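[1] Here is a sequence together with a model predicted from it:
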Amino acid sequence: MLETKPEPATAGIDSKQTTVGSVFVSNYPPYSTWNDDAVPNVHYSLSEKPRPDATLGLYMHIPFCRKRCKFCYFRVYTDKNSSEIDTYLNALAKEIELYSQQPAITGRPLRFVYFGGGTPSYISVKHLITLVDRVKKVMPWNATEEVAFECEPGTLTKKKLEAIKSIGVTRLSLGVENLNDEILAENGRAHLSKEVYRIAPWIQELAFDQVNIDLISGMIGETWESWRDTVQKTIELDPDSITVYQLELPFNTVYSKDILGGDSLPVADWKLKREWHQYAFEQFEKSGYEISSAYTVLKKDKPCQFVYRDAVWQGSDMIGTGVASFSHLSGIHFQNAPSWGDYLGNLEDNKLPIYRALKPTEEERLTREMILQLKLGRIKPSYFKAKFDADILSKYADAYEKLQNDGMLRVNVDADEIQLTQRGLLQVDSLLPTFYAPEYQNTRYT
Ligand SMILES: C[S@@+](CC[C@H](N)C(=O)[O-])C[C@H]1O[C@@H](n2cnc3c(N)ncnc32)[C@H](O)[C@@H]1O
Ligand code: SF4
């Protein structure tokens, strides 16, 4: 039985206010349906040869941060000392070594590598190099299309950036979030704007293939004036790619707990956050960027891609390593133990720390890919025909018709295209539950 605490990510309710609950749809079926009964399927698929045409990626979760941002819902620790970080990184390397010995993984080239968090840039140069040396011995990444690395600006030094470049990072992503110091401080960010300007020349000098800046529309304290200023200053920083998230408040954030505890917080409503998002995209487009998904714009005159995002949304195999990380292999979803002790304990016993899984049906895999790719703003029915032998136009006809009537998307059969309108793109996550099977609607998402 599913726990029935609907969240926007399963209920498709377009609430006006920013209420507590997950909004961002990163997977399907909802995580709350994954369970330990399905874990043997994962071990079985690891013991089998991979599907012949499947590509493989590696995600490493580095769950440390200087401070917990009050809006953040990721699995992070702010109280671990250097020796605990050492223990964790040893376990992470061991996990990757164990994977490399599995028949489904052995000898396969990596198409992409992603250092996510938490804050990968929090760990020391020594820790980073030791981890990478060990991982590259068993899963080399000399021929990958992309190595992405998330950074919190205040953790970067020139030496650290040089080390990050030296391990082969091609996409450096900076959590800038906002360029107003009062807003950064109010939301519990560890960095202030001066730290962004301190690192910018070094990043430019090191000439990373791609630099991305993350912004959040709707941080506490934002006004039209401060947002316009942040957007302008972001353009002046001249990144290759800019990602805008609308602030959401899943259950486990500091702000959500305050709200559930009875505090009233001045959180912008969804209409205003979308207006800010739209304004930012319009300014970015005027400054030479083009929209590449509901969240991301890319510089027009510089060929850029985001391999990790596109591969994950196309159902690529990806081994997610580290505490609480998510993986997808041979058609099965699974997640690692979400607690520090369980994660490390399993690896001490030389066991992969897999804790819950789900083997989706073919139909669920189709729905997953279709809704995730809708976040790109347009999809091609012929892609799904070729991959799943499915006619999505008839299969989801009612949902497309409803969204078309609501002004959220346009179906152009002759052009082989389903395209979100600008309105639809700005609220795409709230539209996706329309496509869920009835048993997954109005449930807990995470
Ligand atoms: C893992 S963090 C990026 C690296 C680093 N930890 C940092 O914050 O600088 C990923 C991104 O998620 C976004 N994010 C985190 N919590 C969010 C929330 N509640 N709503 C919207 N975006 C959020 C932020 O833009 C953040 O940069
Ligand atoms: S937003 Fe980034 S820096 Fe802040 S707590 Fe989350 S992972 Fe850490």
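    Okay, I see it. Ligands and ions are numbered 1, 2, ... in the order given.
[2] quick one, phi psi at the residue of the chain at minimum distance from ligand 1?
    Nearest to ligand 1 in the chain, going by Cβ to the nearest ligand atom, is Gly175, at a distance of 1.9 Å. From N, CA and C alone the C-beta is placed, and that goes for glycine too. Gly175 adopts backbone torsions of phi -80, psi 80, taken as degrees, to the nearest 10.
[3] Also Arg444?
    According to degrees, to the nearest 10, Arg444 has phi -70, psi 140.
[4] just to revisit the earlier point, assess the claim that the residue of the chain closest to ligand 1 and Gly154 are in contact.
    No - the pair Gly175 / Gly154 is not scored as a contact, 9.7 Å apart, by Cβ atoms under 8 Å.
[5] Which one's more surrounded, those two?
    Between Gly175 and Gly154, Gly175 has the larger neighbour count (other Cβ atoms under 10 Å), namely 26 against 21.
[6] Quick check, pLDDT for that one.
    Looking at Gly175, its pLDDT reads 98.
[7] For it, give its distance to Gly288.
    23 Å (Cβ to Cβ, to the nearest Å).
[8] same check, this time on Glu236
    From Glu236 across to Gly288, the span is 13 Å (Cβ to Cβ).
[9] doesn't Arg410 make contact with Gln404?
    Yes - Gln404 is within contact range of Arg410, at 6.5 Å (criterion: Cβ under 8 Å).
[10] Skipping adjacent residues, who's closest to Ala38 in space?
    Leaving aside its chain neighbours, Ala38 sits nearest to Ala357 (3.9 Å; criterion: Cβ to Cβ, 6 or more residues apart in numbering).
[11] Read off the pLDDT value for that neighbour.
    With respect to pLDDT, Ala357 scores 97.
[12] Leu249 now?
    89.
[13] So what pairs up with it in the strands?
    Beta-bridge partners of Leu249, counted by DSSP bridges, are Val20.
[14] ok, now which ones touch it?
    Residues near Leu249 by Cβ atoms under 8 Å, 6 or more residues apart in numbering: Thr18, Thr19, Val20, Gly21, Phe71, Tyr255, Ser256, Ile259, Val267.
[15] Could you check how far it is from Asp406?
    The gap separating Leu249 from Asp406 is 25 Å, by Cβ to Cβ.
[16] What of Phe74?
    32 Å.
[17] Show me which residues of the chain sit near ligand 1.
    65, 71-74, 117-119, 150, 152, 175, 177, 214, 216, 245, 247-248, 253 (Cβ under 6 Å from any ligand atom).
[18] let's see it at 5 Å
    Phe71, Cys72, Gly117, Thr119, Glu150, Glu152, Gly175, Asp214, Ile216, Tyr245, Leu247, Glu248 (Cβ under 5 Å from any ligand atom).
[19] pretty sure Glu97 is touching Val138, no?
    Yes - Glu97 is within contact range of Val138, at 5.2 Å (criterion: Cβ under 8 Å).
[20] Where does the residue nearest to Ala38 sit: helix, strand or coil?
    For Ala357, the assignment made with DSSP: H, G, I helix; E, B strand; the rest coil gives strand.
[21] Next one: it from Asp86, what distance?
    For Ala357 relative to Asp86 (Cβ to Cβ), the value is 30 Å.
[22] which of the two has more neighbours?
    The residue with more neighbours, out of Ala357 and Asp86, is Ala357; 22 against 16, by other Cβ under 10 Å.
[23] Now do the same contact list for that one.
    Ala357 makes contacts with Trp34, Asn35, Asp36, Ala38, Val39, Asn41, Val42, Ile332, His333, Phe334, Gln335, as judged by Cβ under 8 Å, 6+ apart.
[24] Try it again at 6 Å.
    Trp34, Ala38, Val39, Val42, Phe334 (Cβ atoms under 6 Å, 6 or more residues apart in numbering).
[25] Those in helices, which ones?
    Using DSSP state H, Val39, Val42 are the members of the contacts of Ala357 that sit in helices.
[26] out of the contacts of Ala357, which are buried?
    Taking 16 or more other Cβ atoms under 10 Å as the criterion, what is buried in the contacts of Ala357 is Trp34, Ala38, Val39, Val42, Phe334.
[27] With distance to Lys299 and pLDDT added, can I get the residues you listed in a markdown table?
    Listed next are the buried ones among the contacts of Ala357 as a markdown table, based on distance: Cβ to Cβ, whole Å; pLDDT from 0 to 100:
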| residue | distance to Lys299 | pLDDT |
| --- | --- | --- |
| Trp34 | 38 | 93 |
| Ala38 | 42 | 94 |
| Val39 | 43 | 96 |
| Val42 | 39 | 96 |
| Phe334 | 36 | 97 |
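[28] right, and out of those, which lies closest to Val231?
    Closest approach between the buried ones among the contacts of Ala357 and Val231, by Cβ to Cβ: Trp34, at 38.1 Å.
[29] Phi, psi for that closest one please.
    Phi and psi for Trp34, reported as degrees, to the nearest 10, are phi -80, psi 150.
[30] tell me the contacts of it?
    With contact set as Cβ under 6 Å, 6+ apart, Trp34 has these partners: Arg356, Ala357, Leu358.
[31] that older thread, so what sits opposite the residue nearest to Ala38 in the bridge?
    Here Ala357, judged by DSSP bridges, has bridge partners Asn35, Phe334.
[32] Please tell me how far it sits from ligand 2.
    Distance, Ala357 to ligand 2, by Cβ to the nearest ligand atom, to the nearest Å: 25 Å.
[33] Tell me where the stretch 101-250 of the chain has helices.
    Assignment of helices within the stretch 101-250 of the chain using DSSP state H, counting those that start in this stretch yields the ranges 125-138, 158-166, 181-186, 193-206, 224-237.
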